[in-house]
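1. coords please:
(3 chains)
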Amino acid sequence: MTNRDNTLDWFMLVLRRDLTLSFRRSATYITPLIFFLIVVTFFPLALGPSQSLLSSLAAGIIWISALLSSLLAVEGIFSEDYRDGTLDQYFVSSEPVFILIFAKVLCHWLVCGAPIILASILSSIFLYLPSGALFALIISLLLGTLFMSLLGALGAALALGKSAILSAIIVLPFSIPTLLMGTAIMSAAVNQQDYSGFLSIMGAMLAVGIPGLCLLTVEAILLNYE
Amino acid sequence: MGSPPHFYKWATRSLPWLAGLAVIVFCVGLTWGIGFSPTDYKQGDVYRIIYIHVPSAILAESIYIFMAISGFISMVWRAKIAGMLINSAAPIGAGFTLVALLTGSIWGKPTWGTWWVWDARLTSTLILFFLYAAIIGLHSSIENKTKGDRAVAILAVLGVVIVPIIKKSVDWWQTLHQPSTFTLTSSPSMPPEMYLPLLVCVLGFYFLFIFMLTNSLRGEIISRERDKSWVKKQFFKY
Amino acid sequence: MSNILKVKNLNCRRSGEEVLQGVSFTLEAGKNLEIIGSNGSGKTTVLRSLLGFVNDHDGGVYWNDSEVPSTFQEGDVSCFYQGHQIAVKPLLTTYENLKFSSSGFNSSLEEITLIAKKIGLKHFLNRQSSSLSAGQKKRIAIGRWLLKDFNLYMIDEPFTALDDEGIELIEDIVRELNNKGASFLITGHRPSGLNSNKIYLDVKNDK
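-> Here you go, the predicted model:
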């Protein structure tokens, strides 16, 4: 068996394992979803039901809620495997750690980002988001939640064994460019302007962020093994 | 970068000189700026707060860059001192950032008529403060200090990539939302009688930072190496 | 006979405290070594510093008859490590716990079934491990030793939570793997019935 096949097998193994574990414990994908919907609901309750006001704030509300709820589950991405010795065994086997981290991030994005995107479609009705902006919302959240999963993994690795709120504090300031870019896409879409420029900036951020953040996460997680 | 005992000796020897230099330049700058520079024809004497505000804001950013460089060094070469430097610099940087925010706000009250404006500069300084807070919070939560240094180094390195992006995107966000803003500090018409003392002040703040950093690094070295023989020899004479 | 591992004068500190002082031993390929000591004597620390998980140590660790100290990866030794926490997920079935382990991802269903039979869990292959007893979970962990051939197995306290049958199972498997040329480095509170060299660690009291 060639080395490349082996790496792919290793990647699929971690991904399948984490997906299996997530689906057996339904809280992993339901909690962020419900949290998202609750946060979104709080805005009309606090700001009043005025349709025009909510409509103008909708994109921002949905984006902030999505950022917060995708951070919610990220703390557990490594902590359980760290506690029960799985990471010990994985690190001793000379399989690449980078692949392990990437598979875990991807799993988090799938089980956490995807339900949030579905819920955001529902929220866009709750908050009277102009229907023309729906596609922009989905595509921007698709990229944005992936970025949050990457950042969140770094935060979780740095604050391994510490409180979840610490990893949130670490990560949130770094998520500001994503938030600004995402809301820029939304306001362009609402005003029926071209937003492909912003979208490609976000794509570029991801292209650098995926390898860069995964490498930093590798560094951060190996700190616990020295 | 030298070993901790070597660094400690160097720091102890240079500390009084640094203190003297910092006090002199700092006092000269401030007295010149606040006492003797001309009154601004538009803002009156309020503008004199820039002699504290601008140097603090410059320091707030420089210290972050300094931390990122130390972080990079500690990540690549595993230099112990570089790791300690981040840890010693972070609270100082956070302090300067806070001073910059407070003075900015005090300055804003008479000029903008409100304590806070979501101006690009203020906003990115506020975010910088959060970044400092994240670093301090992370470091204080990790019991093993060497491990904490390395963890913080990762964060500082990530920060130096992200801070320019944050600044750029906040600038751009600001123009998107508030097209008409006047920035005070970048007015090119500042006469030399005003900006020369400002330069001295900036220099004085830098010296102040170096002094504070050296001082807190000394304490850091001692507390980390308290079980080593050279520390025992120095302090307990055995 | 070649030495797979030679440790000379290993010292280790944890947050400034000396945990290990002057530990030395050699381990030949195909032989076993037991590190025996009470709680807090630093047994786990020996294993973890050999793996590079604890960095604050000095002394020489030589792999595969090498003249220079190195890590096990540099010494080209394939290691398997099982700590106190045995990494058996309650939500996964026996099959998945074996398959999704660091050693099992290339194993086929037949191989895994064969191993499950050997460790006495054939009928539990598709049952989630949350319903298994502590001893049965430990057996899953033991099954992972067989999924792939390693040069050196480092097992932290393998005999806890096992009945007589389980202990016999370990002894059988160790013998079988020894015959293939693999070595075992095992920790424990008291000497086991394994054919092995034994070293004793003392708890460091306040001097």
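2. residue A:176: which element?
-> Secondary structure from DSSP states H and E places residue A:176 in helix A:176-190.
3. again with residue B:51
-> Using DSSP H and E, residue B:51 sits in helix B:50-77.
4. is that helix anywhere near chain C?
-> No: counting by Cβ under 8 Å from any Cβ of the partner chain, chain C has no neighbours in helix B:50-77; the shortest distance is 14.5 Å. Placement of C-beta: from N, CA and C, glycine included.
5. and that helix, which residues are buried?
-> For helix B:50-77, a neighbour-count test (16 or more other Cβ atoms under 10 Å in any protein chain shown) marks B:50-64, B:66-71, B:73-75 as buried.
6. extract the C-alpha set from the helix holding residue A:176 and format it as CSV.
-> What follows is helix A:176-190 as a C-alpha-only set of coordinates in CSV (Å, rounded to 0.1, in the frame of the first residue of the first chain):
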residue,chain,number,x,y,z
ILE,A,176,-13.8,39.8,13.4
PRO,A,177,-12.5,39.9,9.7
THR,A,178,-14.8,37.0,8.9
LEU,A,179,-17.8,38.7,10.6
LEU,A,180,-17.1,42.0,8.7
MET,A,181,-16.6,40.2,5.4
GLY,A,182,-19.8,38.1,5.9
THR,A,183,-21.9,41.0,6.8
ALA,A,184,-20.5,43.0,3.8
ILE,A,185,-21.6,40.2,1.5
MET,A,186,-25.0,40.4,3.0
SER,A,187,-25.4,44.1,2.8
ALA,A,188,-24.2,44.1,-0.8
ALA,A,189,-26.7,41.3,-1.6
VAL,A,190,-29.6,43.2,0.2
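7. okay, residue C:165 and residue C:120: tell me how far apart.
-> 8 Å (Cβ to Cβ, to the nearest Å).
8. give the residue spans of the chain that score low on pLDDT.
-> Assuming you mean chain A. Scanning chain A for pLDDT under 70 picks out A:1-4.
9. um, chain C though
-> C:1, C:15-16, C:203-207.
10. how about 80 then?
-> C:1, C:13-18, C:40, C:54-59, C:65-67, C:75, C:105, C:161, C:202-207 (pLDDT under 80).
11. and the contacts of the lengthiest helix in it?
-> Secondary structure of chain C read by DSSP state H shows that its longest helix is helix C:164-179. Defining contact as Cβ atoms under 8 Å, 6 or more residues apart in numbering or on different chains, one finds that helix C:164-179 is touched by C:30-32, C:118-120, C:135, C:138-139, C:142, C:145-146, C:153, C:158-159, C:162, C:184, C:192-195.
12. picking that back up, what about the very next helix or strand once past the helix holding residue A:176, distance to the chain center?
-> For helix A:176-190, the succeeding helix or strand toward the C-terminus, using DSSP H and E, is helix A:196-222. Per Cα atoms, centre = their mean, to the nearest Å, the displacement of helix A:196-222 from the mean C-alpha position of its chain is 12 Å.
13. packing partners of helix A:196-222?
-> Helix A:196-222 sits against helix A:97-108, helix A:134-158, helix A:176-190, helix B:145-177, with contacts defined as 3 or more Cβ pairs under 8 Å, 6 or more residues apart in numbering or on different chains; DSSP states H and E.
14. show me which positions of it end up buried.
-> So for helix A:196-222, counting by 16+ other Cβ under 10 Å, buried means A:198-199, A:201-202, A:205-206, A:209-210, A:212-214, A:216-222.
15. which parts of chain A sit against chain B?
-> A:154, A:158-159, A:162-163, A:166, A:169-170, A:172-174, A:176-177, A:180-181, A:184, A:187, A:205, A:212-213, A:216, A:219-220, A:223-224, A:226.
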